[in-house]
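[1] Build the 3D model from these lines:
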Amino acid sequence: MADEKDSGSGSIRRPSWDHPVVATVVLELGGLACSGLVALVGWPFGWLPDAEFVLVVTGVFAIGPAAELYREAGPPRRLAAVAALLALAAVRLLVGAAVNWAFPALADPGVGSLVGYLVAIPIGVAVLAWLLTRAKVA
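    Numbers count the residues shown, from 1 in each chain. Next up is the predicted model:
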């Protein structure tokens with residue numbers, strides 16, 4: 001019950017960042033579902049979303065748990081945010097290069113970036129959560 005807090009209205013709510021990586025993946029899937037709906041609506045008219053559009057939509061959907069973690073954290077937040085961004089960039093580059101290498105027919109930088117970010121965003125949130133949790137304990 002230590003994780004629960006009173007919201008002021010008498011109701012107790014759990015913070016949504018209890019499992020930030022799971023929440024991030026679920027929100028990414030929600031973003032992909034929205035992009036899929038846009039593609040289904042646009043397809044009869046000859047318009048399909050490009051990889052950058054899907055990347056922006058999934059990124060916007062998935063930013064919530066990381067933002068909540070950052071807001072609730074103590075003072076060593078800058079180091080955790082920098083570590084999370086570096087993890088995100090490194091994983092995105094590695095996965096993007098691996099996708100372009102493994103699937104030469106899809107050697108489009110947009111597809112590599114999209115897959116890289118879909119993998120990297122939860123890893124960045126996990127690094128942020130781990131560092132912020134560790135900072136609270138110390």
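
[2] From now on I want contacts and neighbour counts done on CA atoms only, so please keep to that.
    OK.

[3] buried stuff in stretch 49-66?
    Buried residues in stretch 49-66, counted by 16 or more other Cα atoms under 10 Å: 51, 54, 55, 57, 58, 59, 61, 62, 63, 64, 65, 66.

[4] which residue packs closest to residue 98, ignoring adjacent ones?
    residue 112 (8.0 Å; Cα to Cα, 6 or more residues apart in numbering).

[5] if we can go back for a sec, tell me which of the buried residues of stretch 49-66 fall in strands.
    Among those, none falls in strands (DSSP state E).

[6] Where does confidence bottom out across those?
    In terms of pLDDT, the lowest of the buried residues of stretch 49-66 is residue 51, showing 76.

[7] how about that one, what does it touch?
    By Cα atoms under 8 Å, 6 or more residues apart in numbering, the contact set of residue 51 is 110, 111, 113, 114.

[8] Among the buried residues of stretch 49-66, which lie within helices?
    Using DSSP state H, the subset of the buried residues of stretch 49-66 located in helices is 51, 54, 55, 57, 58, 59, 61, 62, 63, 64, 65, 66.

[9] which residues in the chain form helices?
    Going by DSSP H, the chain shows helices at 20-42, 51-72, 77-102, 109-137.

[10] relative to helix 77-102, how tilted is the last one?
    I take that to be helix 109-137. Relative orientation of helix 109-137 versus helix 77-102 (axes from the mean of the first three to the mean of the last three Cα atoms, to 10 degrees): 150 degrees.

[11] What is the neighbour count of the residue nearest to residue 98?
    Residues contacting residue 112 under the criterion other Cα atoms under 10 Å number 24.

[12] surely it meets residue 97?
    Yes. Contact criterion Cα atoms under 8 Å: residue 112 and residue 97 qualify, at 6.7 Å.

[13] how close does the closest residue to residue 59 other than its chain neighbours sit to residue 134?
    Among residues not flanking residue 59 along the chain, residue 28 sits closest, at 7.1 Å (Cα to Cα, 6+ apart). Using Cα to Cα, to the nearest Å, residue 28 is found at 26 Å from residue 134.
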